[in-house]
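**Q** A structural model of the following input is requested.
(one chain, ligands or ions: 1)
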Amino acid sequence: DLQGSFTLNNGVEMPYFGLGVYLAETGGEVEQAVHWALEAGYRHIDTASIYRNEAGVGKALSESNVPRDEVFITTKVWNADQGFQSTLDAFQASMDRLQLDYLDLYLIHWPVAGKYKETWKALEQLYRDGKVRAIGVSNFMIQHLKDVMDGAEVVPMVNQMEFHPYLIRTDLREFCQQHHIQYEAWSPLMQGKAFDLPELKALADKYGKNIAQVLLRWDLQKGVITIPKSTKQHRIVANSDIFDFEISPEDVAQLDAMDRDQRFGPDPDNFDF
Ligand code: NAD
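**A** Prediction:
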């Protein structure tokens, strides 16, 4: 069901289906999207300080009548804020914008070379202090994960990565599984490009579903948390309508076979922002 969850390595339940709000603007758009999502039963919102919409997310949450402890909120420390004290400061600034007194998940947005280990120490401190229920990373490849875990007190609970049938990253997902790091998909709909793929259309027709629903259902069947983005009410509602069908093992295998190691977003091994 829409509010189902996976259990993180510290026992926290993370709803496996959420709303992504990248490029949704504060001042109406993001507030509406969060409102519609909560109304449709979503209980998980994914934002980041670089999206510049935490204030809008916070406003929508404060205006909703969903109890705080029933919603799971993720935000992320931006690259320019990495380092120990600067991360602690960035966290507080995010919390002020979100109008929250605790966070559910704080992620290191990208593995900034020479910085992310200090950043991780700050996340460990925030976790120890009870300000955040879970901490994790995003865009961390195997070598980044090994490096950040070397000497760490806390194993990351989540790794949020670009993930869709063109980019499955089996080695990384297996590594995460072995270390009980929950895999989470960003751009699960290929940033909209999935809608142009005829093989996905054929599969969707077979199940009487649309392409988004098939991809999002596939995420869950693969044990991957997913956070599709939309700001349109009908799509927010339709994207979550994935709990009344199951993709057969053969069709899961067909989706898996589309893998071609193709990114639509930046390369975690070579980014310059
Ligand atoms: P996405 O794959 O979720 O695709 C979103 C696009 O698909 C939008 O243009 C939307 O209008 C369109 N769309 C959504 N539902 C549709 C439907 N049913 N029919 C037709 N079109 C539809 O892309 P995304 O926004 O890049 O990724 C989702 C979320 O992941 C983001 O909002 C953000 O929260 C997160 N994210 C994280 C990182 C990171 O580095 N950690 C990077 C990118 C995105």
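
**Q** Please count neighbours and contacts with C-alpha atoms only from this point.
**A** Noted.

**Q** what about the chain, any weak spots by pLDDT?
**A** Low-confidence regions of the chain, defined here as pLDDT under 70, do not occur.

**Q** so how far is Val237 from His164?
**A** 21 Å (CA to CA, to the nearest Å).

**Q** and what of Ala194?
**A** Distance of Ala194 to Val237, computed by CA to CA: 18 Å.

**Q** Report the spatially nearest residue to Gly223, omitting neighbours in sequence.
**A** Nearest residue to Gly223, sequence neighbours excluded (CA to CA, 6 or more residues apart in numbering): Tyr183, at 7.6 Å.

**Q** partner strands of the helix or strand containing the one you found, parallel or antiparallel?
**A** In this assignment (DSSP states H and E), Tyr183 forms part of strand 182-186. Counting by DSSP bridges, the strands paired with strand 182-186 are strand 158-162 (parallel), strand 225-226 (parallel).

**Q** Put the alpha carbons of the first one into CSV.
**A** Read it as strand 158-162. Provided in CSV are the C-alpha atoms of strand 158-162 (Å, rounded to 0.1, in the frame of the first residue of the first chain):
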residue,chain,number,x,y,z
VAL,A,158,20.3,5.0,2.5
ASN,A,159,22.0,5.7,-0.8
GLN,A,160,19.9,7.7,-3.2
MET,A,161,21.0,7.1,-6.8
GLU,A,162,19.7,7.7,-10.3
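
**Q** and the helix or strand just after that strand, what other elements does it pack with?
**A** For strand 158-162, the following helix or strand on the C-terminal side (DSSP H and E) is helix 170-178. On a contact count with 3 or more CA pairs under 8 Å, 6 or more residues apart in numbering; DSSP states H and E, helix 170-178 meets strand 182-186.

**Q** Any idea how many residues pack against Arg128?
**A** Neighbour count of Arg128, defined by other CA atoms under 10 Å: 12.

**Q** That one and the ligand, how far apart?
**A** As for Arg128, its distance to the ligand is 23 Å (criterion: CA to the nearest ligand atom, to the nearest Å).

**Q** just Pro228 next, same as before
**A** To the ligand, Pro228 is 4 Å away according to CA to the nearest ligand atom.

**Q** right, and that residue touches Ala33 too?
**A** No. Judged on CA atoms under 8 Å, Pro228 makes no contact with Ala33 at a distance of 11.9 Å.

**Q** can I assume Lys76 sits in a helix?
**A** No. According to DSSP: H, G, I helix; E, B strand; the rest coil, Lys76 belongs to no helix; its state is strand.

**Q** Could you verify my assumption that it touches Tyr51?
**A** No. At 9.6 Å, Lys76 does not count as touching Tyr51 under the criterion of CA under 8 Å.

**Q** For the two, work out which one has more neighbours and name it.
**A** Lys76 (25 against 16).

**Q** picking up where we left off before, of His164 and Val237, give the one with the bigger neighbour count.
**A** Remark: of His164 and Val237, His164 carries more neighbours, 28 against 17, as counted by other CA under 10 Å.

**Q** which residue sits closest to the more buried one, ignoring its sequence neighbours?
**A** Distance criterion CA to CA, 6+ apart; nearest residue to His164, sequence neighbours excluded, is Pro188 at 5.1 Å.

**Q** That neighbour: what's it in contact with?
**A** Glu162, Phe163, His164, Leu215, Leu216, Asp219, Thr226, Ile227, Pro228 (CA atoms under 8 Å, 6 or more residues apart in numbering).
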